[in-house]
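Participant: give me a model of this one.
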Amino acid sequence: GDGARIGFVDVPGHEKFVKNMLAGAHGIDSVMLVIAADEGVMPQTREHFEICRLLETKTGLIVLTKKDLVDEEFLELVKLEVSELVENSFLDNAPMISVSAKTGEGIEELKQILLETAGKIPNRKNETVARLPIDRSFSMKGFGAVVTGTLIAGEIKAGDEMEVLPIARKVRVRGLQTHGKSVGATFAGQRAAVNLGGVEHAEIERGMVLCERDVLRPTQIFDAKIEVLKNAKRALKSRQRVRVHVGTIEVLARIQILSDSNEIERGEKDFAQLRLETPIVTIPNERFIIRSYSPQITIAGGRVLDASAQKHRRKDTQNVRKFLQSIIEADARNDKAKQIKLYLETSGEHSST
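Facilitator: The predicted structure follows:
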């Protein structure tokens, strides 16, 4: 109505497709948690909610659908159940709207709340390194390779020289589309389709990253602060094989807990190193999700602290913990100079591995 444009990333709700949900959830500004009023909170509802919380989504709203299928008494019970689920989280006190697609009840109110929510979201900053985690690649006759994804940082302009990592393929941006229209540039937070020259679409896979040339490099080891969910079946232990979701990629990894106990208990946070079986692209402060190897269930999440770490020896654990804590403290003060100094102090160690 007022010209606002909102891009929706509609992710599958079924528990079998949570990993597809993860590929779409990384770039969102706000979440609309949709729950059927006739079913209430399901196991996949809890997992989706925990994923959004672990990814540190800042804002959102709750929509109870199929209102026409339940009476008011049952609807109130569902609202109470949902309120208990989101208590003390980013969705605590978030708007909760009941709607019916069949009768149209609540739809106009939902539109208004969406506009109000969008108006409160700050613009993303464009001065950081341009990074677009790729979620799809295809070929268009007469155009060649096209990749799609959400630009999570920086901006991309037609004619830019970029590269696809981790395959280190140099490419050129031939054209851009946003919301189905050709544009000269796309900015952080926007969904984009990027026509690339210098690469065949068959060479590109979901999980790769389109980024500025010669700035980022792939890694197979990073240090992080990890939170294990309270409802996880067991503690997270060293040498445990897990599935790590960063951006649009899922990669297998081994965990090395950076503590004497060699484990992180349920509901607790601690430092750990993730040793990946294949290279990925990540940067400090990027959020990620950890799922158990089998069955595939979300068990933890975390924040990258050192994206170019080396394998740590047990005797160095305390020094590593101090270094990682210093990074967290510098970030809390927004002391970029201190963070850079800390990384430079260990750059010799990184380059030797």
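Participant: and the helices in the stretch 251-353 of the chain, which stretches?
Facilitator: Secondary structure of the stretch 251-353 of the chain (DSSP state H, counting those that start in this stretch): helices at 317-332, 336-345, 347-351.
Participant: make a markdown table from those helices and add distance to residue 47 and mean pLDDT to it.
Facilitator: Where you see a C-beta, it was placed from the backbone N, CA and C, and this is true even at glycine. Below are those laid out as a markdown table (distance: least, C-beta to C-beta, whole Å; pLDDT from 0 to 100):
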| stretch | distance to residue 47 | mean pLDDT |
| --- | --- | --- |
| helix 317-332 | 27 | 90 |
| helix 336-345 | 33 | 79 |
| helix 347-351 | 35 | 52 |
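Participant: deepest of the ones you listed, which one?
Facilitator: Highest mean neighbour count among these (mean count of other C-beta atoms under 10 Å): helix 317-332, with a mean of 15.
Participant: contact partners of that helix?
Facilitator: Residues from elsewhere that reach helix 317-332 (C-beta atoms under 8 Å, 6 or more residues apart in numbering): 223, 225, 258-260, 271, 284-285, 305-306, 312, 336, 338-339, 342, 346.
Participant: at 7 Å instead, please
Facilitator: Applying C-beta atoms under 7 Å, 6 or more residues apart in numbering, the contact partners of helix 317-332 are 223, 225, 258-259, 271, 285, 305-306, 312, 338-339, 342, 346.
Participant: could you do stretch 21-41 as well?
Facilitator: Here stretch 21-41 makes contact (C-beta under 7 Å, 6+ apart) with 9, 11-12, 45, 48-49, 51-52, 55, 57, 59-67, 69-70, 75, 78, 81-82, 85, 91, 98, 117, 121, 133, 135, 150, 152, 189, 206, 245, 247-248, 289.
Participant: now do the buried residues in that stretch.
Facilitator: By 16 or more other C-beta atoms under 10 Å, the buried positions in stretch 21-41 come out as 21-37, 40-41.
Participant: hey, C-alpha coordinates of that stretch in PDB?
Facilitator: Extracted in PDB, the C-alpha atoms of stretch 21-41 (Å, rounded to 0.1, in the frame of the first residue of the first chain):
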ATOM      1  CA  MET A  21      15.000 -24.400   5.900                       C
ATOM      2  CA  LEU A  22      18.600 -23.700   7.200                       C
ATOM      3  CA  ALA A  23      19.700 -22.800   3.700                       C
ATOM      4  CA  GLY A  24      17.100 -20.100   3.600                       C
ATOM      5  CA  ALA A  25      17.200 -18.900   7.200                       C
ATOM      6  CA  HIS A  26      20.700 -17.400   7.300                       C
ATOM      7  CA  GLY A  27      20.000 -14.200   5.500                       C
ATOM      8  CA  ILE A  28      16.600 -13.100   7.000                       C
ATOM      9  CA  ASP A  29      16.000  -9.900   9.000                       C
ATOM     10  CA  SER A  30      12.800 -11.100  10.700                       C
ATOM     11  CA  VAL A  31      10.900 -14.300  11.200                       C
ATOM     12  CA  MET A  32       7.200 -15.100  10.800                       C
ATOM     13  CA  LEU A  33       6.700 -18.200  12.900                       C
ATOM     14  CA  VAL A  34       3.600 -19.900  11.400                       C
ATOM     15  CA  ILE A  35       1.700 -22.400  13.500                       C
ATOM     16  CA  ALA A  36      -1.600 -24.200  12.500                       C
ATOM     17  CA  ALA A  37      -4.200 -23.500  15.200                       C
ATOM     18  CA  ASP A  38      -5.700 -26.900  14.800                       C
ATOM     19  CA  GLU A  39      -2.300 -28.600  15.500                       C
ATOM     20  CA  GLY A  40      -0.500 -26.200  17.900                       C
ATOM     21  CA  VAL A  41       3.200 -26.400  18.700                       C
END
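Participant: so what's the residue nearest to residue 191 when sequence neighbours are not counted scoring on pLDDT?
Facilitator: Leaving aside its sequence neighbours, residue 191 sits nearest to residue 7 (C-beta to C-beta, 6 or more residues apart in numbering; 5.0 Å). With respect to pLDDT, residue 7 scores 80.
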